[in-house]
Every structure is written in C-alpha cells, then in structure tokens.
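In: Curious how this folds, go ahead:
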Amino acid sequence: MCGTFPGPKSKQMKVEMDLHHQAASVKVFINYEKSKGNYFIDADGNVLLDVYMQISSLPLGYNHPDLIKAVADPRFMATAVSRPALGSFPPTFFTNSIKNSLSAIAPKGCTGVQNALCGSSSNENAIKAAFMWYQAQKRGGSPPTKEDLDSCMRHELPGTPNLSVLSFNGSFHGRTLTALSITHSKAIHKVDLPAFRWPVAEFPRYKYPLEKNVPYNEQQDQKCLANVSFTIQKI
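Out: Residues are numbered from 1 along each chain as shown. Here you go, the predicted model:
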C-alpha cells in the first residue's frame, strides 16, 4: 500500500468521471495493464489481493497469458472490430468454435447453445425461450395465427398470454426489467421501476454448519415447499 485507500489519484479521477458518467458506485480506478493474476494495481500504485474479481467474472485472473494469446488471434480482432450479427452473418470459423467450446461442455442431452453477453441477458433469453416453447406446444407446433400476431401488437390476448415465472425471496437474477421482476434481494435495485406482477415464494434460510442444524433446515424445506404449493394453487 502506498498510503490511503482509495488514494488521491483515484479520488480525483472519480470527481472528473462524475462530470460525464455515473460515478456514485465507483470504488477505485485500476491499472489493468499492470494488474496480474489475483492482484490488481490501482491508479495510486496500491497492490491488492482481489477476492471480488470483477463480480466473479474473472476466474483466470488479470492478464492471463492464454487469454492474451487468444485475443491476439487475427480472427478475434476481426470479429471484435466488425461485430458480426451471429444469428444472420456468423464468421466462417464460428461453427467449429462453438463445437469445440460451449458444446463440448454442455450438459448431457443439450444439443444446442445460445450466446449471451451477460447473466441478465442469459436469464432474459431463457425466460423468452421457455414462454415460446410453451405456447408452441399449446398450438401443437403450429405457427402463430393472424389473431395471435395482431393481438400481440396491442399487448392483448391471445398473442400476449398471461404467463408468469415463479421466483423466490432473496433471489438475484440481474438488473434488466424482466430479470428484476424475479429479483428480490435489494430494494434499491427495484425501486422506481415497473415490474411484471409475477408470484414470489419463500426460499429456505439454512443455518450452518449443516450437520449441526439438520432439524431446523428440514423444517425450512417443508415450510418453503408448502409455501410454493400454496403460491402455485393461488395463481
């Protein structure tokens, strides 16, 4: 450590950033070029062991040599610059890349994968896929009718169905609008924002260590299962 934390340089950068960008949540400015492994170096030269790792999104640490080698690949640079719309115009090497990466570690029986940029968008797309599959099953696999297509543009039945997602108290699934509708962790994440009025159930609050709290935790399970059953029946 070189003194106070955050140091004077980070504090000044935050003041300057606040003139152009939201800065209330900023903790410190990091020198990513110098950071390595599990340690980051901030603008003032402080070196800290990072157990947060960019909200758990950096499992290999800062400046991992294999990742540096990968992004130096001309194919990566070309796609980073040209931003392919993968659903319409994927690059020539895309199929092999998917086959040798995501498909290779997909759960058994999962023959297809879908790219998403973050956890929130992954949840959004998973919810949409579930709704679309359910409606397709109701139609016997037939495409939407003209009535479906016309009514959905007015947010009316039958094109806009009354479907819902059951979520749980204490959950966090992201901060897009749909993800927030199934998130119930911090009020500050949800306040002032519209939400789907979907059902919410209780989730077990275990005591630890588990082996010393078996009766209590089993009661939690039974209590929450009963609450889920009641919530579904109420719908």
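In: hey, which strand is longest across this protein?
Out: strand 30-36 (DSSP state E).
In: Neighbouring strands - and their directions - for it?
Out: Strand pairing for strand 30-36, determined by DSSP bridges: strand 39-42 (antiparallel).
In: buried set for the strand it pairs with?
Out: Of the residues in strand 39-42, Phe40, Ile41, Asp42 count as buried by neighbour count, 16 or more other C-beta atoms under 10 Å. Every residue, glycine included, has its C-beta placed from N, CA and C.
In: can you list the domains in this structure?
Out: 8-69, 122-233 (the TED database).
In: And the strands in the protein, which stretches?
Out: 30-36, 39-42, 47-49, 167-168, 200-201.
In: With distance to Ala104 as new columns, can the domains of the chain be given to me in JSON lines?
Out: Output for the domains of the chain, formatted as JSON lines (distance: least, C-beta to C-beta, whole Å):
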{"stretch": "domain 8-69", "distance to Ala104": "17"}
{"stretch": "domain 122-233", "distance to Ala104": "19"}
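In: Which among those is found nearest to Asn100?
Out: Nearest to Asn100 among those is domain 8-69; the distance by C-beta to C-beta comes to 14.9 Å.
In: OK, contacts around the residue nearest to Tyr206 when sequence neighbours are not counted?
Out: Distances taken as C-beta to C-beta, 6 or more residues apart in numbering put Asn217 closest to Tyr206, at 4.9 Å, once the chain neighbours are dropped. Neighbouring residues of Asn217 by C-beta atoms under 8 Å, 6 or more residues apart in numbering: Pro204, Tyr206, Lys207, Leu210.
In: how close does the most centrally placed residue in the chain sit to Phe5?
Out: The residue lying closest to the centre of the chain (C-alpha atoms, centre = their mean) is Gly119, at 1.5 Å. For Gly119, the distance to Phe5 equals 29 Å [C-beta to C-beta, to the nearest Å].
In: Over to Glu147?
Out: Relative to Phe5, and taking C-beta to C-beta, Glu147 is found at 62 Å.
In: where do the helices sit along the chain?
Out: Along the chain, counting by DSSP state H, helices occupy 8-18, 53-56, 65-71, 74-82, 94-100, 119-138, 146-152, 177-181, 187-190, 214-234.
In: how about these, which one is nearest Asn46?
Out: Closest approach to Asn46 among the helices of the chain (C-beta to C-beta): helix 8-18, 8.7 Å.
In: buried residues in that closest one?
Out: For helix 8-18, by 16+ other C-beta under 10 Å, it's Lys9, Ser10, Met13, Lys14.
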